[in-house]
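Asks: All I have is the shape, not the residue letters:
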């Protein structure tokens, strides 16, 4: 596995992986691609390359995209830590359980020293465990019901 920086020209792959990032439990329907056009979702990718944007693709030894991690300064569901950039992370299902998410988080943490925040589906226990492993803590439950997590650095 190696990493490639997310660039503005990578928008199709970025959107494909961000759709994967919109995790749902098995009993719920998966999100349709149209959800990517909602204003609060477009904030994650629209005009990528602005000051402060940073992201990496994990690429397999056969040159296949495995996952993405990115940070961006954007609106927040909460007031606390709203000045921190938000991260989004996704791993294609066929690459889960292989350490890709951990490698992506480590790559991002090694590439920035800023504090980070994120929201996570409350039933996505494996993601919550991953974030906690790297020092993220729940600081609030948003009105959406999603735990908001932060890594203060």
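Replies: On my side now, so go ahead. This structure is a prediction, so every number in the text was calculated from the model and none was measured. Residues are numbered from 1 along each chain as shown.
Asks: need the contact list for the residue nearest to residue 142 when sequence neighbours are not counted.
Replies: Spatial nearest neighbour of residue 142, excluding adjacent residues (C-beta to C-beta, 6 or more residues apart in numbering): residue 77 at 4.0 Å. The C-beta positions use only the backbone N, C-alpha and C, and glycine is treated the same way. When contacts are counted by C-beta atoms under 8 Å, 6 or more residues apart in numbering, residue 77 touches 119, 142-144, 146, 148.
Asks: Likewise for residue 12?
Replies: Listed by C-beta under 8 Å, 6+ apart, residue 12 has no contact partners.
Asks: Doesn't it lie inside a helix?
Replies: Yes - Residue 12: assigned to a helix according to DSSP: H, G, I helix; E, B strand; the rest coil.
Asks: thinking again about what came up before, mind giving me CSV with the contacts of residue 77 and columns for distance to residue 103?
Replies: Output for these, formatted as CSV (distance: C-beta to C-beta, whole Å):
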residue, distance to residue 103
119, 22
142, 28
143, 33
144, 29
146, 25
148, 24
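Asks: Quickly note the distance from residue 89 to residue 4.
Replies: Distance, residue 89 to residue 4, using C-beta to C-beta, to the nearest Å: 15 Å.
Asks: coming back round to it: out of the contacts of residue 77, the closest to residue 106 would be?
Replies: Taking C-beta to C-beta as the measure, residue 106 sits nearest to residue 119 out of the contacts of residue 77, at 20.9 Å.
Asks: Which phi and psi values does the closest residue to that closest one other than its chain neighbours adopt?
Replies: Sequence neighbours aside, residue 146 is the residue nearest to residue 119 in space, at 4.5 Å (criterion: C-beta to C-beta, 6+ apart). Recorded main-chain torsions at residue 146 are phi -90, psi 130, according to degrees, to the nearest 10.
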